[in-house]
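**Student:** all I have is the shape, not the residue letters:
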């Protein structure tokens, strides 16, 4: 049975992604910063007959928490097949470049960029033991420099979140470098935008969470002929999914 770790998986897109992986036969380590909420999420999944799941307390902004989570999982499995770096924050308001504070930037980057790097580095040895490891970094089209600077982009006028967008653009660059450094291995590393989804993150505006989960899960299942080091948003490009950095 393949094993997956999903960060920020006690609710929203992370929770739905966990559900879909469980339905496809995975064993899921459900990462949750709040243990109580994580346990509640696991109980909900088990009530639906999805039993191959357990919560792992994991705060991506805390080095000790990440280390402890890695030690916990390593006692339960020799290999990790999929890492989905889903945990993220929107940075809060004010959203503009001129008004947002340095504290906003630091806090948002700590979760959306540094947190991804912490978790990826901590679990790399377990991922290397999988025959076909997959890393999916949950990004957003808002983090595309090309789209953000294109007046013809459909979301040009309203998708302006300076702090959040900057953090996701940085995550995209991290994804490119990670894929490059792993290019001679069986790893596949990609950035995936789940689209505008109805969750707490968007104040419950947007598409159904099932659509977002499916978009992420797709890249956990790509074969050895599949892409790596790419940026995908099926909402932005329904034909091939790939969008410019």
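**Tutor:** Thanks, I have it. Please read all numbers here as calculations on a predicted model, not as lab measurements. Numbers count the residues shown, from 1 in each chain.

**Student:** need the residue closest to the centroid of this protein.
**Tutor:** residue 86 (2.5 Å; Cα atoms, centre = their mean).

**Student:** report the contact partners of that one.
**Tutor:** By Cβ atoms under 8 Å, 6 or more residues apart in numbering, residue 86 lies in contact with 6-9, 13-14, 17, 138, 216. Every C-beta, even on glycine, is put in place using the N, C-alpha and C of the backbone.

**Student:** next one: it from residue 106, what distance?
**Tutor:** Separation of residue 86 from residue 106 (Cβ to Cβ, to the nearest Å) stands at 21 Å.

**Student:** which stretches in the chain count as helices?
**Tutor:** 12-23, 35-47, 63-74, 102-109, 115-128, 145-148, 162-181, 209-218 (DSSP state H).

**Student:** out of those, deepest packed?
**Tutor:** Highest mean neighbour count of those: helix 12-23, a mean of 24 (counted as mean count of other Cβ atoms under 10 Å).

**Student:** average pLDDT across that helix?
**Tutor:** What helix 12-23 shows for mean pLDDT is 97.

**Student:** and for the lowest-mean-pLDDT helix or strand in the chain, what are the contacting residues?
**Tutor:** Every helix and strand of the chain was ranked by mean pLDDT, DSSP states H and E. The lowest is helix 209-218, at a mean of 93. Helix 209-218 has contacts (Cβ under 8 Å, 6+ apart) with 12-13, 15-17, 19-21, 24, 84, 86, 136, 138, 192-195, 197-199, 232, 234.

**Student:** on that earlier part again, looking at the helices of the chain, which is closest to residue 228?
**Tutor:** Closest to residue 228 of these is helix 162-181 (Cβ to Cβ; 4.9 Å).

**Student:** got the angle for the closest one vs helix 115-128?
**Tutor:** For helix 162-181 against helix 115-128, the angle by axes from the mean of the first three to the mean of the last three Cα atoms, to 10 degrees is 30 degrees.

**Student:** report all helices and strands that helix 162-181 contacts.
**Tutor:** Judged by 3 or more Cβ pairs under 8 Å, 6 or more residues apart in numbering; DSSP states H and E, the packing partners of helix 162-181 are helix 102-109, helix 115-128, strand 134-138, strand 188-192.

**Student:** ok, of the contacts of residue 86, which one's closest to residue 164?
**Tutor:** The shortest gap between residue 164 and any of the contacts of residue 86 belongs to residue 138, at 12.7 Å (Cβ to Cβ).

**Student:** so that closest one sits against residue 88, correct?
**Tutor:** Yes: here residue 138 reaches residue 88: they are 6.5 Å apart, a contact under Cβ atoms under 8 Å.
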